[in-house]
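Enquirer: my questions concern the predicted model and sequence given below.
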Amino acid sequence: MDIEQPAFVLHRRPYRETSALVTFFSPEYGKFNAVMRGVRGGRKSASQKAMLLQPFQRLTLQWRERSAKLSDLVSNVQVERDHLSFPLAGEANICGLYLNELLYRLLFNHVAVEPLFEHYQHALYQILAAQNRKEHAWALRQFEYHLLTELGQGVVCDVDIEQHPIEPESSYYFYPETGAVKAEKDRLATGVFVDGSSLLALAECRYCETALPQLKRLLKSVLHPYLGHKEIKTRELFAHF
């Protein structure tokens with residue numbers, strides 16, 4: 001069966017002498033690995049092929065799916081550059097690499113993620129258009145929120161654990177396993193402290209500058225069980241900006 005998919009490059013590493021093992025992200029096939037031959041070495045043709053495999057450039061991939069799969073690797077992939085690209089630089093580039101690292105670390109192979117593919121492109125648009133660090137941060141928080149939903153760990157921000165509407169003027173402790181508990185009712189007080197207004201801003205995808213520090217802590221705590229003790233490498237790069 002012939003397959004055609006839009007895709008972005010998430011990760012690339014050398015494979016044998018002249019090839020590369022490339023991890024792609026597409027709507028219907030999610031994350032998958034492909035052997036790209038003839039993209040390394042001193043030849044001009046190799047350099048031209050390698051230039052296609054850059055992050056934040058949407059590609060059109062074509063390949064033929066084998067009836068009997070002996071491996072999860074996709075081979076003989078034809079690559080064409082799409083019209084859509086996101087020339088991220090400086091801190092914006094690090095933000096984009098952070099999105100890629102999350103997808104690379106957290107997605108299962110060959111699982112369709114069509115809504116998440118759209119959220120990823122939207123996040124790249126937001127990062128490219130951002131005027132400052134806070135707008136970058138907001139784009140990251142929104143994407144983390146949508147990614148967690150796709151992983152089946154949606155962050156419920158509009159009601160508390162008793163199914164009462166979140167009150168913007170109240171404070172809460174948020175627990176990744178259960179949700180928000182009103183601070184005045186929580187005897188443990190060991191969750192992530194967050195204002196109701198911050199929770200509602202995330203639920204409504206409504207930019208709120210003052211909510212950013214709280215939402216960063218909240219989403220980091222929810223992502224932690226998926227990431228384990230291995231730190232996200234791109235977080236270290238932010239220290240240089």
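Expert: Alright, I've got the coordinates.
Enquirer: residue 50 is in what secondary structure piece?
Expert: Using DSSP states H and E, residue 50 maps to helix 44-52.
Enquirer: in its sheet, what does the next helix or strand after that helix sit against?
Expert: Sequence order places strand 57-64 as the next helix or strand after helix 44-52, per DSSP H and E. Partner strands and pairing direction for strand 57-64 (DSSP bridges) are strand 2-15 (antiparallel), strand 78-85 (antiparallel).
Enquirer: can I get the shortest one in PDB, CA atoms only?
Expert: Output for strand 78-85, consisting of C-alpha atoms alone and laid out as PDB, is shown next (Å, rounded to 0.1, in the frame of the first residue of the first chain):
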ATOM      1  CA  GLN A  78      10.800   9.600  -0.500                       C
ATOM      2  CA  VAL A  79      11.000  13.100   0.900                       C
ATOM      3  CA  GLU A  80       9.800  16.400  -0.500                       C
ATOM      4  CA  ARG A  81       9.800  19.800   1.100                       C
ATOM      5  CA  ASP A  82       6.400  21.300   1.900                       C
ATOM      6  CA  HIS A  83       5.600  25.000   1.700                       C
ATOM      7  CA  LEU A  84       5.300  25.300   5.500                       C
ATOM      8  CA  SER A  85       8.400  26.000   7.600                       C
END
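Enquirer: buried residues in it, which are they?
Expert: Burial within strand 78-85, assessed by neighbour count using 16 or more other Cβ atoms under 10 Å, is assigned to 79, 85. Heads up, the C-betas are built off the backbone N, CA and C, glycines and all.
Enquirer: now what about the next helix or strand after that strand, what contacts it?
Expert: Scanning forward in sequence from strand 78-85 by DSSP H and E, the next helix or strand is helix 91-106. The contact list for helix 91-106 (Cβ atoms under 8 Å, 6 or more residues apart in numbering) reads 8, 10-11, 23, 25, 31, 55-56, 86, 88, 120, 123-124, 127-128, 130, 133, 136, 139-140, 143-144, 147, 151, 223, 226-227, 232-235, 237-238, 241.
Enquirer: the protein: strands as residue ranges?
Expert: For the chain, applying DSSP state E gives strands covering 2-15, 19-26, 30-36, 57-64, 78-85, 171-175, 179-182, 192-195.
Enquirer: now the lengthiest helix in the chain and strand 30-36, what's the angle there?
Expert: Ordering each helix of the chain by length in residues (DSSP state H) puts helix 133-150 first. If you take axes from the mean of the first three to the mean of the last three Cα atoms, to 10 degrees, helix 133-150 sits at 100 degrees to strand 30-36.
Enquirer: may I have helix 133-150 as CSV, with CA atoms only?
Expert: C-alpha atoms of helix 133-150 as CSV (Å, rounded to 0.1, in the frame of the first residue of the first chain):
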residue,chain,number,x,y,z
ARG,A,133,9.8,35.0,26.7
LYS,A,134,6.4,35.0,28.4
GLU,A,135,4.6,34.4,25.1
HIS,A,136,7.1,31.6,24.4
ALA,A,137,6.2,30.1,27.8
TRP,A,138,2.5,30.3,27.1
ALA,A,139,2.9,28.4,23.9
LEU,A,140,4.8,25.7,25.7
ARG,A,141,2.2,25.4,28.5
GLN,A,142,-0.6,25.1,26.0
PHE,A,143,1.2,22.3,24.1
GLU,A,144,2.0,20.4,27.3
TYR,A,145,-1.7,20.6,28.2
HIS,A,146,-2.8,19.2,24.8
LEU,A,147,0.0,16.5,24.9
LEU,A,148,-1.2,15.3,28.3
THR,A,149,-4.7,15.0,26.9
GLU,A,150,-3.5,12.9,24.1
